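Novice: turn this into a structure:
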Amino acid sequence: MTETDSSGLATGGTPAVLVALVAALAVTFVASVTVPGTVVAVAGTAALGAGTVHDGRRLRLVGAALLVGSVTYGAYGGLPIPAVLGGTIAALVAADGGERAVALDAQVPRAATARLVLRRTGTTLLVAAVAAGLGYGAYRVGSGEAPAAAAALLLVGALLSAAALR
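Specialist: A predicted model of the protein is given here:
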């Protein structure tokens, strides 16, 4: 059951949990091009959710990695480049939402956080969209005939570089 403040808004990390869940389900939808990709995405969603609910950082990281892996597997299964990039962005938003939910529950468990979560999600989407756009541009400038997995790996590399700087 979610807590609400006097205005009826969800409090603590609840809005971030909802963002993480919606983004993880979007990844599952994108990865559903193959049965193994779907299974990996569902496992990633479960791990991310369990890590968020039980404050397990490693479990959240495993869940995020499985979500990105399911999209990468989908790229090998024939997903078009824009779907691969969109799925990777959704995986990043899901992972960030899980992290944000745990942090907000620890710091401000009874405060209304919906605006903060929406602003953070918007920023994450903007940064990820720029990275995806650069990745897609690099793909198009290159031979244009490279497999979708090349673009997926390029974006994963960019995201890992960004995470290392964080």
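Novice: shaky segments in the chain?
Specialist: Applying pLDDT under 70 to the chain flags residues 1-12, 142-155, 158-166.
Novice: tell me where the protein has strands.
Specialist: Here the chain has no strands by DSSP state E.
Novice: leaving out the residues flanking it, which one is nearest to the one residue sitting closest to the centre of the chain?
Specialist: When CA atoms, centre = their mean is applied to the chain, the residue found nearest the centroid is residue 91 (2.3 Å). For residue 91, ignoring the flanking residues on the chain, the nearest one in space by CB to CB, 6 or more residues apart in numbering is residue 67 at 3.9 Å. Where you see a C-beta, it was placed from the backbone N, CA and C, and this is true even at glycine.
Novice: related to what we said a few turns ago, so the residue nearest to the centre of the chain touches residue 63, yeah?
Specialist: No - applying CB atoms under 8 Å as the test, residue 91 and residue 63 come out as separate, 9.4 Å apart.
Novice: about what we covered before: the residue nearest to the centre of the chain and residue 123, how far apart?
Specialist: 17 Å (CB to CB, to the nearest Å).
Novice: shared neighbours of residue 91 and residue 63, anything?
Specialist: Contact criterion CB atoms under 8 Å, 6 or more residues apart in numbering; residues shared by residue 91 and residue 63: 24, 44.
Novice: any figure for the gap between residue 70 and residue 43?
Specialist: Applying CB to CB to residue 70 and residue 43 gives a distance of 8 Å.
Novice: same question, residue 96
Specialist: 19 Å.
Novice: for residue 69, same thing?
Specialist: 9 Å.
Novice: please apply the same query to residue 115.
Specialist: 32 Å.
Novice: compare these two (neighbour count), which wins?
Specialist: In this view residue 115 and residue 43 are compared by other CB atoms under 10 Å, and residue 43 has more residues nearby, 16 against 10.
Novice: quick one: contacts for that one?
Specialist: 63, 66.
Novice: look up how far residue 57 lies from it.
Specialist: 18 Å.
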